[in-house]
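Engineer: Pasted the sequence and its predicted model underneath.
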Amino acid sequence: MEIRSTGYGVMQKGKRLFGECFKSFTEFIQMNNYIEILRGCSTVIMTYLSQQAADKLLMSLFLGDRVYLDPKNSVYEEHRNQGLVFRNINDLVTDQPLLSSLLDTESVKTNRNILQSSKGRASHQQITEELISALIKIKKQKALNSEGVY
């Protein structure tokens, strides 16, 4: 049995299991409000199948939350192959005590290290520098070609 039958079903079960501690989001939330909510969470369950909230997924992982993701999600395999630590949403059916436990310190460190190296400022700076270098090469080549030098 899969836990993801519908978003509504997940919301109902979440409210039943966790009462007022359960928060579900069905509409847009400003990023700073979302971050504040995430800071108060230890578990994040993402039932969507597209990458519509990929930034929120990565933020949850970086903050050290235990994240559950549907294996049918378009980014599931990519993030798994990167080495990010998260759980299959279907694990909730067989291992519900996981919901009351925090993500272990080593997994939090692993996620932060991977995200900093692949999504952090230094990574973006390196990509930008490589792009600028490539553009400069193309511009020089075009200038040489327009002068008749091949």
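Structural biologist: Perfect, I can see it now. Numbers count the residues shown, from 1 in each chain.
Engineer: Could you report the distance from Ile45 to Glu147?
Structural biologist: In this view, Ile45 and Glu147 are 61 Å apart by CB to CB, to the nearest Å. Glycine gets a C-beta too; all of them are placed from N, C-alpha and C.
Engineer: Among the two, which residue is more densely surrounded?
Structural biologist: Neighbour count, other CB atoms under 10 Å: between Ile45 and Glu147, Ile45 has more, with 23 against 8.
Engineer: And the more buried one, how close does it get to Asn113?
Structural biologist: Distance, Ile45 to Asn113, using CB to CB: 24 Å.
Engineer: where along this structure do the helices fall?
Structural biologist: Remark: helices assigned in the chain by DSSP state H are 7-18, 31-39, 54-63, 76-82, 91-94, 105-119, 121-146.
Engineer: rank these by pLDDT, which is bottom?
Structural biologist: Among those, helix 121-146 carries the lowest mean pLDDT, a mean of 74.
Engineer: Now do that helix and helix 105-119, the angle between them.
Structural biologist: Angle of helix 121-146 versus helix 105-119, following axes from the mean of the first three to the mean of the last three CA atoms, to 10 degrees, is 20 degrees.
Engineer: What helices and strands are in contact with helix 121-146?
Structural biologist: Secondary-structure packing of helix 121-146 (3 or more CB pairs under 8 Å, 6 or more residues apart in numbering; DSSP states H and E): helix 105-119.
Engineer: Give me the distance between the helix it packs on and the centre of its chain.
Structural biologist: From the chain centre to the centre of helix 105-119 is a distance of 12 Å (CA atoms, centre = their mean, to the nearest Å).
Engineer: Likewise for stretch 92-103?
Structural biologist: In terms of CA atoms, centre = their mean, the centre of stretch 92-103 is found 19 Å from the chain centre.
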